[in-house]
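1. the sequence isn't on hand, but the structure is:
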C-alpha cells in the first residue's frame, strides 16, 4: 500500500463550494421558471372557467327568450347563478328590402355580466310577424 499524496486526496474529494453554488443557482432558476409557468397556467384556467360560465349563462338566457309572437320592443333583465343579464329588443337598424314582407326584423342584444366583472354580449336578429292591418 502506498500513501496517497495531498493532491491525489484533493482530486478524489468531492465538489468544491463554487461547484455547489453554481448547481444550486441552476436548480433555483429552473424551479423559478417552472413556478412562473404553473402560475400562468392557473390564471389562464381561471379566466377560461369564467368565460365558459358566461357563455353557458348566455345560452340559457337565449334559450329562454319568449316566443317570437311575445317578444316586444323594450328590455328586461334579471340574475341567474350570480350573473346579471339584460335583454334589449330594438327595431332593426339595417337596410330593409323594398319587397313587402310579412316579417319585421328586430335586433336582440343579450348582455351577461359575471360576478368578477367580465361581460359577454350576443347580438342577434329575430323575425316578428308583421301585424295585419
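-> Now that the structure is in, tell me what you want to look at. All values derive from a computational prediction rather than experimental measurement.
2. which of the residues in the helix or strand residue 88 falls within are buried?
-> Assigned by DSSP states H and E, residue 88 belongs to strand 83-91. Residues of strand 83-91 classed as buried: 83, 85, 87, 88, 89 (neighbour count, 16 or more other CB atoms under 10 Å). (C-beta placed from N, C-alpha, C; glycine too.)
3. in its sheet, which strands sit next to it, and in what direction?
-> Within its sheet, strand 83-91 is paired with strand 74-80 (antiparallel), strand 103-113 (antiparallel), according to DSSP bridges.
4. relative to residue 70, which of the buried residues of strand 83-91 is nearest.
-> residue 89 (10.7 Å; CB to CB).
5. beta partners for that closest one?
-> With DSSP bridges as the criterion, residue 89 is bridged to residue 74, residue 108.
6. tell me the phi and psi of residue 114?
-> Phi and psi for residue 114, reported as degrees, to the nearest 10, are phi -80, psi 170.
7. hmm, it is touching residue 55, no?
-> No: assessed by CB atoms under 8 Å, residue 114 is found out of contact with residue 55, at 10.4 Å.
8. got any residues that touch both of these two?
-> residue 120 (CB atoms under 8 Å, 6 or more residues apart in numbering).
9. show me which of the two is the more surrounded one.
-> residue 114 (17 against 13; other CB atoms under 10 Å).
10. how close does that one get to residue 86?
-> 13 Å (CB to CB, to the nearest Å).
11. and what of residue 106?
-> As judged by CB to CB, residue 106 and residue 86 stand 16 Å apart.
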